[in-house]
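Engineer: with the sequence up front, the predicted model follows.
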Amino acid sequence: MQIRTSILILGGLLCLALCISPASAEPTGTIQITSEPDGAEVYITNVFRGYTPLTVTDLRAGMMRFQLKKAGSYQNWNGVAYIMPQETVRVHAVLARTGTQFREYGSIVITSDPGTSIFQNQNFVGTTDAEGSYIISRADLGLHLINLQKENYQSYSELVAVDSGKTSSVSTTLEPVRVPDQVMTVALPTAPLPTAPEQSAGSTAVVISGILLGVAFVLFTRRT
């Protein structure tokens with residue numbers, strides 16, 4: 001009895017394990033961080049990960065903030081990076097010495113079709129003007145994902161590197177969405193299905209006569 005109960009429990013657990021599908025893995029990417037000079041401490045979301053040059057794998061896809069610190073009168077370098085699933089992004093940081101002018105922002109100039117919607121790291125920031133221009137004046141240092149969208153046009157995405165006090169640019173002309181040509185279909189007249197030939201009364205009588213003869217032959221053979 002106990003053995004049968006154990007077998008039933010194991011079978012139920014096996015069925016439960018087979019029925020429950022494993023959760024899909026979260027998309028991750030890789031970042032390679034270099035600095036000038038080397039040997040800077042790297043903090044990703046305030047967690048120390050190592051020294052430059054540094055490669056960090058299995059990072060969750062999306063925007064990530066990080067900081068570089070270097071002893072010896074260097075200013076901290078704060079930046080962002082947009083992690084792409086199954087890809088490797090590269091960031092190069094130039095550390096400024098203490099006492100020198102250092103800007104923690106850059107700018108991005110975007111040139112495209114007028115009325116194009118602009119997304120920075122998946123966040124809507126504005127629309128190009130009548131001349132097709134837009135400026136992101138205060139962009140964090142690092143890598144930004146710029147996505148351009150417009151109705152009836154194919155979307156466009158590009159990773160842009162922003163350096164301290166410098167202006168990066170994105171320039172593209174969106175491609176219109178191609179509508180597939182409609183195929184003209186012509187309905188062909190359908191031929192009528194052939195009908196079965198009508199059986200005449202004579203043919204029916206022949207069939208009945210054959211059946212009667214067969215029955216009579218069977219009865220005759222049994223009696224003999």
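Structural biologist: Thanks, I have it.
Engineer: need the per-residue pLDDT for S200.
Structural biologist: According to the prediction, S200 has pLDDT 44.
Engineer: mind listing the residues bridging to Q120?
Structural biologist: N123, I146 (DSSP bridges).
Engineer: what stretches of this protein score poorly on pLDDT?
Structural biologist: For the chain, the stretches with pLDDT under 70 are 1-25, 181-224.
Engineer: quick check: domain ranges of it?
Structural biologist: By the record's domain assignment, the chain is partitioned as 27-99, 103-174 (automatic domain parsing).
Engineer: in the protein, which spans are strands?
Structural biologist: With DSSP state E as the criterion, the chain has strands at 28-36, 41-44, 47-51, 54-60, 62-69, 77-83, 88-94, 105-111, 117-120, 123-127, 133-140, 142-149, 156-162, 167-171.
Engineer: quick revisit: got the domains of the chain as CSV, with mean neighbour count and distance to P180 columns?
Structural biologist: Quick note: C-beta positions are derived from backbone N, CA and C, even for glycine. Below are the domains of the chain laid out as CSV (neighbours: other Cβ atoms under 10 Å; distance: least, Cβ to Cβ, whole Å):
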stretch, mean neighbour count, distance to P180
domain 27-99, 16, 30
domain 103-174, 16, 14
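Engineer: let's have the strands of the chain in JSON lines, adding distance to V179.
Structural biologist: Shown next, in JSON lines, are the strands of the chain (distance: least, Cβ to Cβ, whole Å):
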{"stretch": "strand 28-36", "distance to V179": "35"}
{"stretch": "strand 41-44", "distance to V179": "45"}
{"stretch": "strand 47-51", "distance to V179": "49"}
{"stretch": "strand 54-60", "distance to V179": "38"}
{"stretch": "strand 62-69", "distance to V179": "33"}
{"stretch": "strand 77-83", "distance to V179": "32"}
{"stretch": "strand 88-94", "distance to V179": "35"}
{"stretch": "strand 105-111", "distance to V179": "27"}
{"stretch": "strand 117-120", "distance to V179": "21"}
{"stretch": "strand 123-127", "distance to V179": "25"}
{"stretch": "strand 133-140", "distance to V179": "28"}
{"stretch": "strand 142-149", "distance to V179": "18"}
{"stretch": "strand 156-162", "distance to V179": "19"}
{"stretch": "strand 167-171", "distance to V179": "27"}
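Engineer: from Y74, how far off is G99?
Structural biologist: 11 Å (Cβ to Cβ, to the nearest Å).
Engineer: I meant to write R103 there.
Structural biologist: Counting by Cβ to Cβ - R103 and Y74 are separated by 15 Å.
Engineer: and L145, how far is that from A96?
Structural biologist: Applying Cβ to Cβ to L145 and A96 gives a distance of 26 Å.
Engineer: hmm, I was thinking of L68
Structural biologist: Using Cβ to Cβ, we find L68 at a distance of 11 Å from A96.
Engineer: tell me, what's touching those two both at once?
Structural biologist: W77 (Cβ atoms under 8 Å, 6 or more residues apart in numbering).
Engineer: excluding its backbone neighbours, what's nearest P53?
Structural biologist: T34 (4.6 Å; Cβ to Cβ, 6 or more residues apart in numbering).
Engineer: the closest residue to M84 other than its chain neighbours: what's it in contact with?
Structural biologist: Distance criterion Cβ to Cβ, 6+ apart; nearest residue to M84, sequence neighbours excluded, is G29 at 5.1 Å. Residues near G29 by Cβ under 8 Å, 6+ apart: 59, 61, 83-89.
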